[in-house]
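> sequence first, predicted model second:
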Amino acid sequence: MRTMDDQHRTSPWNQPDQPDRPDQPDRRRLLGGLLGTGAATALAAGCASGGPLAPLPTGNKSAMGLKALPLAEVRVGLIGVGQRGAELAQTLCRLEGVRITAIADIDPQALDKTLALINQARAPRPEVITGSSGAWERLIARTDVDAVIIATPWELHTPMAVAAMKSGKHVFIETPAALTINEAWLLVDTAEATQRHCMMLESCCYGREEMMLLNMIRQGLFGELVHAEGAYFHDLRQQLKDLERGPGSWRTLRYTQHNGNLYPTHGLGPIAQYFGIHRGDRFEYLNSQSSNARGLAAYANRELPANHPHSRLRFITGDVNTSVIKCASGRTVLLQHDTSTPRPYSRLSTVVGTNGMFSGFPDRMAVEMLDGKKIMQSSNGSREAFREWDTQMDPWFARFDHPVWKQLGTQAQQGGSAGMDFVMLWRVIYNLRQGQPMDQDVYDAATWSAVLPLSCESVADRGNAKDFPDFTRGRWKRE
């Protein structure tokens, strides 16, 4: 779906408000009922670590460990079926106990492509809702939709999610879930008020390597964790050529508006799982620095014709952003972002503990003790194995492969994103059908997304620390 103007900006790094368009829902009307609750209170109080916690709004109930009534069949509505939405639709068609009942978009080509994929999977044809930018509102009003998946441009995620939860639907949002701290609080307050699931679809939490690493950590292989590193290194310069459709048609403008980590959750989501964030630990504050912005301009100058609209843009996003996060436990996280240089893809995927470490891209490990004994490498047992990388991962997978991947691996690997999408959506549907909590909740979605505005604010303030709001209102210590 195409971009709608973001009508509720509160952070200094955002652009000024734009006037409402007559063909779009009034976002202030849509969200205004929540602005007098915990979100406004939280912003006024600051919600810094060590500062006053935002009170739970009257009538709200914590969404930690939220369970909803089990669903025999999960009826899904998809809002936005461009590239990402079409991929998710294709994966859903391979799962049991789920049916896509409606899809909404204003791009006929995207709709036709998604319908063809659904037909190819021999799944029932969903209702198609289109014709205006209000199509998504008609989808969430339907009585044959239990859960809504939102795969639209970033600025639409929060208003659509809030409206869907207020309509009684569970919500699953593509990354990031929110662009501002205010939006993150709106998601939290709405999930608590409606008692509906609000989960960010961070598929990298479900990769085979990430889930094996989670299993290793839970079994204590690396000892006590002290540090982790994550990143999103992905050469996306070619997206500058997108105009009519494709992520570059809307994402490119983000590089002219913000200077920070624009896409933190691929690297950060798995780390939050490893560290038990909101389950005994929390992110407290962040320091961030950006390099100068050169890569996109150089690419545009070389690859785009002079009359191309994107050739005239002024890019301000630093080519490499580096942020350091401090946790309440004392652990640290190094988080980086680079989508503007010809760097090979990587998410770093590194954890460091008192008994060893793991690092990804390519996968390699160094472990000192296993089963109570030092791992020795030389034939006479004189050299400790951890002094060199172990790149032979098959034995480690044989022992520590996550049970979910052992169960689903063959099916998962037939799908896209190296099987991550299949495992992620399988877990979502399983939990909805069983009436179980989601693997990630609204507090995770809010906190992981908060890196974007906090990093921008830190960069603009010479790298000074910016506090994470405690979206759990202190419950991370006791629930």
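Nice, thanks for sending it over.

> all strands for the stretch 351-479 of the chain, in order.
According to DSSP state E, counting those that start in this stretch, the stretch 351-479 of the chain carries its strands in the segments 356-359, 364-367, 369-370, 373-374, 466-467.

> try the stretch 1-150 of the chain
Applying DSSP E, counting those that start in this stretch to the stretch 1-150 of the chain gives strands spanning 74-79, 98-104, 127-129, 147-150.

> out of those strands, which comes closest to residue 61?
Within the strands of the stretch 1-150 of the chain, the stretch nearest residue 61 is strand 147-150; the backing value is 20.1 Å (C-beta to C-beta). Bear in mind the C-beta positions are built from the backbone N, C-alpha and C, glycine included.

> tell me what that closest one is packed against?
Of the remaining helices and strands, those touching strand 147-150 by 3 or more C-beta pairs under 8 Å, 6 or more residues apart in numbering; DSSP states H and E are strand 74-79, helix 157-166, strand 170-173.

> low-scoring stretches of the chain, by residue?
Along the chain, segments meeting pLDDT under 70 span 1-51, 415-416, 479.

> still on that earlier bit, kindly reformat the strands of the stretch 1-150 of the chain as a markdown table containing mean neighbour count and distance to residue 466.
Listed next are these as a markdown table, based on neighbours: other C-beta atoms under 10 Å; distance: least, C-beta to C-beta, whole Å:
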| stretch | mean neighbour count | distance to residue 466 |
| --- | --- | --- |
| strand 74-79 | 25 | 31 |
| strand 98-104 | 24 | 36 |
| strand 127-129 | 18 | 40 |
| strand 147-150 | 26 | 27 |
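
> if we can go back for a sec, what's the most buried one of the helices and strands packed on strand 147-150?
strand 170-173 (a mean of 28; mean count of other C-beta atoms under 10 Å).

> the next helix or strand after it packs against which elements?
Toward the C-terminus, strand 170-173 is succeeded by helix 181-194 as the next helix or strand (DSSP states H and E). The elements that helix 181-194 packs onto, with contact taken as 3+ C-beta pairs under 8 Å, 6+ apart, are helix 38-45, helix 157-166, strand 198-200, helix 442-449.

> if we use 6 Å, what do you get?
Using 3 or more C-beta pairs under 6 Å, 6 or more residues apart in numbering; DSSP states H and E as the contact test, the elements touching helix 181-194 are helix 38-45, helix 157-166, helix 442-449.

> next up, phi/psi of residue 334, please.
Dihedral pair for residue 334: phi -100, psi 120, per degrees, to the nearest 10.

> tell me, how many residues neighbour the nearest residue to residue 219 once chain neighbours are set aside?
Once flanking residues are discounted, residue 219 sits nearest to residue 400: 7.1 Å by C-beta to C-beta, 6 or more residues apart in numbering. Residue 400 sits with 18 neighbouring residues when counted by other C-beta atoms under 10 Å.

> quick one: contacts for residue 285?
Taking C-beta atoms under 6 Å, 6 or more residues apart in numbering as the criterion, residue 285 is in contact with 326, 465, 467.

> if we use 7 Å, what do you get?
49, 326, 465, 466, 467, 468 (C-beta atoms under 7 Å, 6 or more residues apart in numbering).

> residue 170 too?
68, 146, 147, 196, 197, 432.

> could you work out the most separated pair of those residues?
Across the contacts of residue 170, the longest distance by C-beta to C-beta is 11.2 Å; it joins 196 and 432.

> element containing the closest residue to residue 334 other than its chain neighbours?
Leaving aside its sequence neighbours, residue 334 sits nearest to residue 229 (C-beta to C-beta, 6+ apart; 4.3 Å). Secondary structure assigned from DSSP H and E places residue 229 in strand 225-233.

> buried sites along that strand?
For strand 225-233, the neighbour count (16 or more other C-beta atoms under 10 Å) marks 225, 227, 228, 229, 230, 231, 232, 233 as buried.

> gap between the fourth one and residue 332?
When distances are taken as C-beta to C-beta, to the nearest Å, residue 229 and residue 332 turn out to be 9 Å apart.

> re the thing from before, now flag whichever of the contacts of residue 170 is closest to residue 242.
residue 147 (29.3 Å).

> what is the neighbour count of residue 474?
11.

> scratch that, residue 379 is what I was asking about
By other C-beta under 10 Å, the residues close to residue 379 number 7.

> for the remainder of this discussion, apply numbering that starts at 4.
In the new count, where the first residue is 4, that last one comes out as residue 382.

> domain boundaries for this structure, per the record?
Domain segmentation of the chain under automatic domain parsing yields 45-205, 208-420+443-480.

> which one of those lies nearest to residue 427?
domain 208-420+443-480 (4.3 Å).

> show me how far the closest one is from its chain's centre.
11 Å (C-alpha atoms, centre = their mean, to the nearest Å).

> end to end, how far does that domain reach?
23 Å (C-alpha to C-alpha, to the nearest Å).

> picking that back up, in JSON lines: the domains of the chain, plus distance to residue 430.
Putting the domains of the chain into JSON lines (distance: least, C-beta to C-beta, whole Å) gives the following:
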{"stretch": "domain 45-205", "distance to residue 430": "10"}
{"stretch": "domain 208-420+443-480", "distance to residue 430": "7"}
